[in-house]
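1. Structure for this input, please:
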Amino acid sequence: MIGSIKQLRRYAGLLAAFMYSGANFILAFTLQRHTSAEDFGIYAIVQVVLQFGVSLSNAVLCAPLVLSLRKSDSPALPSFMRINTIFCVAGATIVSIAISFWGAGLEIGLAAGTLALLSWSRWFLRSVEQARHNFMASVRADILYWFVVLVTALTVLIRGDFAVNKVLWIQILGNAAAFLAIGSGIRNWCSFGVGASSEPFVISLRRHGAWATLGVVTTEATANAHAWIVGFFLGPKAFAPIAAVTLFFRPVLIASQALAQYERPRMAKAIEARDCGDL
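-> Just a heads-up that it's a prediction; the model follows:
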């Protein structure tokens, strides 16, 4: 009975990850049909930047956090919380300024920065809960994101006002709902504040994060060099045809990252206990 419950929770996590990525796929597909090439190119480059931030967060914060929280009295979480706050705020500010000056305008730039802040924060809190083996918190958050995005997108589509700024705000609402659904993570974040020591994070970065970050940068250069080069030199309109193809593969990447994040704590615990029979 206990084994069946564990399997059910495991499969619930897989289903929720695909629901989350499926909602993003529907947004991209619908926007591509109802907006101009230039607007779709803007939306696409924002998604590329967001995904790059998630990959960096995985390498520098999320994956090392699993190893750092193996002990219940570990001092690492406050340190990681502090660094993640800096990472999210600084990264979101850069995204907002860059998108605004790229030609998208201030409104879309602010929406892109807000989305980056919430998306990366949600991803980190999701990692915290999974590092503690509280997998159902992530399941609830992913399903809530799916529900909010689909209902809001349908409402906007019925009104006939499906534009890139509206789609970004749909994603913002979805991420905000998922962020709030991970309640214990937010409580920890507020209680730790910003005064925690950076030393545990720095030690983790030296041991694990440096090579992982290099891997993210080289992978990004291989997978998305066209997005950065075409988008920077030729603008969003020229990037739109490329994005129309590549964005539809992006949900697969999102799902695979979510699944890896879901499985990583379970694998780390089993390997440490030398119990690899169920892996």
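2. Could you report the neighbour count for residue 150?
-> Residues within reach of residue 150, counting by other Cβ atoms under 10 Å, total 17. For glycine as for every other residue, the C-beta is placed from the backbone atoms N, C-alpha and C.
3. close enough to count as contact, it and residue 22?
-> No: judged on Cβ atoms under 8 Å, residue 150 makes no contact with residue 22 at a distance of 9.0 Å.
4. what ranges of the stretch 151-279 of the chain fall below the confidence cut-off?
-> 183-196, 245-279 (pLDDT under 70).
5. Where do the strands of it begin and end?
-> Counting by DSSP state E, counting those that start in this stretch, the stretch 151-279 of the chain has no strands at all.
6. all helices of it, in order?
-> For the stretch 151-279 of the chain, the helices defined by DSSP state H, counting those that start in this stretch cover 164-181, 183-192, 199-204, 210-234, 236-246, 250-272.
7. Just name whatever secondary elements the shortest one is in contact with.
-> With contacts defined as 3 or more Cβ pairs under 8 Å, 6 or more residues apart in numbering; DSSP states H and E, the secondary structure elements packing on helix 199-204 are helix 63-68, helix 76-99.
8. Which other helices and strands does the shortest one contact?
-> The reference is to helix 63-68. Contacts defined by 3+ Cβ pairs under 8 Å, 6+ apart place helix 63-68 against helix 76-99, helix 106-131, helix 199-204, helix 250-272.
9. Go through those and name the closest to residue 178.
-> Residue 178 lies closest, by Cβ to Cβ, to one member of the helices and strands packed on helix 63-68: helix 106-131, at 5.2 Å.
10. Now do that closest one against helix 164-181, angle only.
-> 30 degrees (axes from the mean of the first three to the mean of the last three Cα atoms, to 10 degrees).
11. Show me which positions of helix 106-131 end up buried.
-> Across helix 106-131, burial judged by 16 or more other Cβ atoms under 10 Å covers 108-131.
12. what do you get for stretch 207-219?
-> Buried-residue list, stretch 207-219, by 16+ other Cβ under 10 Å: 208, 209, 212, 213, 216.
13. Over to stretch 29-37?
-> For stretch 29-37, the neighbour count (16+ other Cβ under 10 Å) marks 30, 31, 32, 34, 35, 37 as buried.
14. got the contact list for that stretch?
-> 39-40, 43, 153, 157, 162-164, 167, 236-237, 240-241, 244, 247-248 (Cβ atoms under 8 Å, 6 or more residues apart in numbering).
15. returning to what we had before: go through the helices and strands packed on helix 199-204 and pick out the most buried.
-> Highest mean neighbour count of the helices and strands packed on helix 199-204: helix 63-68, a mean of 22 (counted as mean count of other Cβ atoms under 10 Å).
16. from the middle of its chain, how far away would that one be?
-> 17 Å (Cα atoms, centre = their mean, to the nearest Å).
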